[in-house]
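[1] just to be clear, the model below is a prediction. Sequence and coordinates:
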Amino acid sequence: MLWLHPTAYGLYCEPGDFFIDPWRPVRKALITHAHSDHARWGCGAYMTAEENVPFLRHRLGEISVQGLAWGEKCSINEVQVSFHPAGHIRGAGQIRLEYKGEVWVITGDYKRHPDPTTSSFEPVRAHGLISECTFGMPIYQWPAPEAVIAEIADWWSACISEGKNAVLYAYSLGKAQRLLAMLPAIGPVYVHSSIAPINRLYEAAGVRLLPWKAATEWQKEKGILLIAPPAVQKSRWLSRFEPYEEAQASGWMTIRGRKRQKALDRGFVLSDHADFYQLMQTLRDSEVEQVIFTHGYTEMMTNLARLQGYEATYWQTAYAGENEGGEIGSEAISIG
């Protein structure tokens, strides 16, 4: 596949002369979603899903960006481009590329569980797939999101009964809004300053969230739920909310050692990525012959896919996947 290949700037489509989620400034960039390890500042022009445009501008400022409706086709030189829902966060899209009758799909980050804040993942048939595999090990199999939300609600209720606040760490773009859309109204909800403007973008798009306030408006109530990005854990800023318990919602909470390592009171398994079994299901649904894995357990997934009869390999990328640095990336987090 000589027309689509990795470079020092990121994944390059040669006949279209554009890059996909480049990690350095380029002339033209197609962006899967607005997490800052995939959407970098400084490119000459951007193209993305129309639903993603407000989030891309929030993260990158005044940029030249073209938004396409889901499934809308656009030709760039000889390459036909379209975006299809990835389900990862609001606005996240898979990118379908067709050149001389050959179709490749770049999944970007994606998840297959339904999410009330965004369009559901849509399998796209292709000859080849370039797929993330952040959680590409059989140990990662997600419980039903509704069951996890019930666990979080029970924990919050227990904190209230003990006169404590509940501090829940979640990524500021996507995970925080998913929680606010799914949790029941139990008590007052506050969010970190990095989350508040993104909440407003979701609400402007018609997404219903729990009533919330910025943490700067907190009046020393007890029994609140405070949603904050993982970067603020162990910061002096949190001391004002004592006494509190800490928890995190992440796929990594599957491994108990991860919770102990981060000194959390609770860990809830809620991911915005596909689990191992959903990754394998996507290969079947896409009816692909070839697959290239990126950012995750790439070697393991490559070997497993080969055993299933796929022509498989992997590429190294600069994407961080679901971790404490990946979602925030270069974004500055204000503590205060």
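    Alright, I've got the coordinates.
[2] which residues in the stretch 101-250 of the chain form strands?
    102-106, 128-133, 165-169, 189-191, 213-214, 225-228, 244-249 (DSSP state E, counting those that start in this stretch).
[3] can you check which of the ones you listed gets nearest to residue 54?
    Of all those, strand 189-191 sits nearest to residue 54, with 18.0 Å by CB to CB. C-beta here means a position set from N, CA and C on the backbone, and glycine is covered the same way.
[4] for burial, what's the neighbour tally of the closest residue to residue 241 other than its chain neighbours?
    The shortest distance from residue 241 to any non-neighbouring residue, by CB to CB, 6 or more residues apart in numbering, is to residue 165 (4.9 Å). Around residue 165 there are 26 other residues, counting by other CB atoms under 10 Å.
[5] so what pairs up with residue 165 in the strands?
    Using DSSP bridges, the beta-bridge partners of residue 165 come out as residue 244.
[6] I'd guessed it sits against residue 218; true?
    No. Judged on CB atoms under 8 Å, residue 165 makes no contact with residue 218 at a distance of 9.2 Å.
[7] joint contacts of the two?
    Common contacts of residue 165 and residue 218 (CB atoms under 8 Å, 6 or more residues apart in numbering): 224, 226, 241.
[8] buried sites along stretch 200-210?
    201, 202, 207, 209, 210 (16 or more other CB atoms under 10 Å).
[9] which phi and psi does residue 252 have?
    Note on residue 252: its backbone torsions stand at phi -70, psi -20 [degrees, to the nearest 10].
[10] what is the neighbour count of it?
    Neighbours around residue 252, by other CB under 10 Å: 21.
[11] so where is the stretch 1-150 of the chain shaky, pLDDT-wise?
    1 (pLDDT under 70).
[12] so what touches the helix or strand containing residue 304?
    Using DSSP states H and E, residue 304 sits within helix 298-307. Contacting residues not belonging to helix 298-307 are listed as 133, 136-137, 279-280, 283, 291, 293, 312-316 [CB under 8 Å, 6+ apart].
[13] which helix or strand contains residue 19?
    strand 18-20.
[14] strand partners (parallel or antiparallel) of that strand?
    Strand 18-20 is paired, per DSSP bridges, with strand 10-13 (antiparallel), strand 28-30 (parallel).
[15] among those strands, which is the most enclosed?
    strand 28-30 (a mean of 24; mean count of other CB atoms under 10 Å).
[16] C-terminal to that one, what's the next element?
    Downstream of strand 28-30 (by DSSP H and E), the next one is strand 45-49.
[17] what helices or strands is that next one leaning on?
    When contacts are defined as 3 or more CB pairs under 8 Å, 6 or more residues apart in numbering; DSSP states H and E, strand 45-49 packs onto strand 28-30, helix 53-60, strand 65-68, strand 79-85.
[18] as TSV, the ones you listed with distance to residue 38 would be great.
    Below are those laid out as TSV (distance: least, CB to CB, whole Å):
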stretch	distance to residue 38
strand 28-30	10
helix 53-60	10
strand 65-68	14
strand 79-85	14
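[19] buried deepest among those, which one?
    Counting by mean count of other CB under 10 Å, strand 28-30 has the highest mean neighbour count of the helices and strands packed on strand 45-49, with a mean of 24.
[20] which residues does residue 156 contact?
    By CB under 8 Å, 6+ apart, the neighbours of residue 156 are 166, 183, 186, 187, 225.
[21] ah, wrong one, I meant residue 164
    222, 223, 243, 244, 245.
[22] select only the buried ones of the residues you listed in PyMOL?
    Selection command for PyMOL covering only the buried members of those, criterion 16+ other CB under 10 Å:
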select buried, resi 223+244+245
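[23] save the contacts of residue 164 as JSON lines, and put in distance to residue 108 and pLDDT too.
    Shown next, in JSON lines, are those (distance: CB to CB, whole Å; pLDDT from 0 to 100):
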{"residue": "222", "distance to residue 108": "41", "pLDDT": "93"}
{"residue": "223", "distance to residue 108": "38", "pLDDT": "95"}
{"residue": "243", "distance to residue 108": "40", "pLDDT": "96"}
{"residue": "244", "distance to residue 108": "35", "pLDDT": "97"}
{"residue": "245", "distance to residue 108": "34", "pLDDT": "97"}
